[in-house]
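**Q** A predicted structure for the sequence below; I have some questions about it.
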Amino acid sequence: GNSVTQMEGPVTLSEEAFLTINCTYTATGYPSLFWYVQYPGEGLQLLLKATKADDKGSNKGFEATYRKETTSFHLEKGSVQVSDSAVYFCALEVTGGGNKLTFGTGTQLKVEL
Amino acid sequence: EAGVTQFPSHSVIEKGQTVTLRCDPISGHDNLYWYRRVMGKEIKFLLHFVKESKQDESGMPNNRFLAERTGGTYSTLKVQPAELEDSGVYFCASSPILAFTYNEQFFGPGTRLTVL
């Protein structure tokens, strides 16, 4: 079956620190990969996506590269801000799977001044 | 344009009671999805509607859960009778049906269900 494994949180960083949140996956087909973010009190928002190997998704200073050889899609940001504090979910969707998403457990990020 | 809305935002009920969650998708979105996150675990798919038809209900945990989408607009998810393990956050998402492109799912804020 399909599954996503991401690093457990919570992760606490100082403002301007470098962020990495690891994500690996298993999939029965060829997946598209996503990072979603949930800010406090809000719904999940699509942060970035990549649909094929070696694609790099990027948005708001966040980046993730689709690595087929390591089945990974790690999220990175060079300099985090307090406003980045949220829960981050890695997810995949397999083509022909009806667009249903398979999520990881989520990683809570807290950024302090 | 209004986003996906869910009601209530929080529900606390006793084991054995019935609860109905409601989701209003973005207007014009034919796809509607229900997901659930049990405390600290992954968000799991429950089911998928295309308009009023159930396209995929493979994630529904058991027959205590009933989802409807009459008229292809809003959807309800009823849990009857509720059990302790049903506690969690229930998310609804909607997306349009567009050819040749990824149909991004737009999520609501979720309903936090607590069964005591």
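**A** The structure has been received and is ready for your questions. Numbers count the residues shown, from 1 in each chain, chains lettered A, B, ... in the order given.

**Q** how many neighbours does B:Arg64 have?
**A** 14 (other CB atoms under 10 Å in any protein chain shown). In short, each C-beta sits where N, CA and C put it, glycine included.

**Q** contacts only, for residue 40.
**A** Picked chain A for this. Counting by CB atoms under 8 Å, 6 or more residues apart in numbering or on different chains, A:Pro40 touches A:Ser85, A:Ala86.

**Q** try again with chain B
**A** Counting by CB under 8 Å, 6+ apart, B:Gly40 touches A:Thr105.

**Q** how about the strands of the chain, start to end?
**A** Answering for chain A, as no chain was given. In chain A, the segments counted as strands under DSSP state E are A:3-6, A:11-14, A:19-21, A:23-26, A:31-38, A:44-50, A:56-59, A:62-65, A:75-77, A:86-94, A:102-103, A:107-112.

**Q** try again with chain B
**A** Going by DSSP E, chain B shows strands at B:5-7, B:10-13, B:19-24, B:31-37, B:43-50, B:53-56, B:65-68, B:75-79, B:88-95, B:106-107, B:111-115.

**Q** who in chain B is up against chain A?
**A** B:3-4, B:31, B:33, B:35, B:37, B:40-45, B:48, B:55-56, B:59, B:91, B:93, B:95, B:102-110 (CB under 8 Å from any CB of the partner chain).

**Q** give me the buried entries from those residues.
**A** B:4, B:31, B:33, B:35, B:37, B:42-45, B:48, B:56, B:59, B:91, B:93, B:95, B:103-110 (16 or more other CB atoms under 10 Å in any protein chain shown).

**Q** chain A against chain B: which residues are in contact?
**A** Residues of chain A found near chain B (CB under 8 Å from any CB) are A:4, A:32, A:36, A:41-46, A:49, A:51, A:89, A:91, A:98-106.

**Q** show me which of the residues you listed are buried.
**A** Buried members of the residues of chain A next to chain B, scored by 16+ other CB under 10 Å, are A:4, A:32, A:36, A:43-46, A:49, A:89, A:91, A:99-106.

**Q** my guess is B:Gly59 contacts B:Phe45. True?
**A** Yes: under the criterion of CB atoms under 8 Å, B:Gly59 makes contact with B:Phe45 at 4.2 Å.

**Q** ok, so what distance separates B:Pro81 from chain A?
**A** 27 Å (CB to the nearest CB, to the nearest Å).

**Q** and that residue, what does it touch?
**A** Residues in contact with B:Pro81 (CB under 8 Å, 6+ apart) are B:Lys15, B:Gly16, B:Gln17, B:Thr18, B:Arg64.

**Q** so, low pLDDT: which residues of chain A?
**A** A:96-97 (pLDDT under 70).

**Q** one more time with 90
**A** Counting by pLDDT under 90, chain A shows low-confidence ranges at A:1, A:7-9, A:28-30, A:40-43, A:94-100.

**Q** any weak-confidence spans in chain B?
**A** Short version for chain B, where the test is pLDDT under 90: B:1-2, B:39-41, B:70-72, B:96-104.

**Q** closest to the centroid, which residue in it?
**A** In chain B, the centroid-proximal residue (CA atoms, centre = their mean) is B:Trp34; its distance is 3.1 Å.

**Q** distance check, B:Glu14 against B:Ile97.
**A** 40 Å (CB to CB, to the nearest Å).
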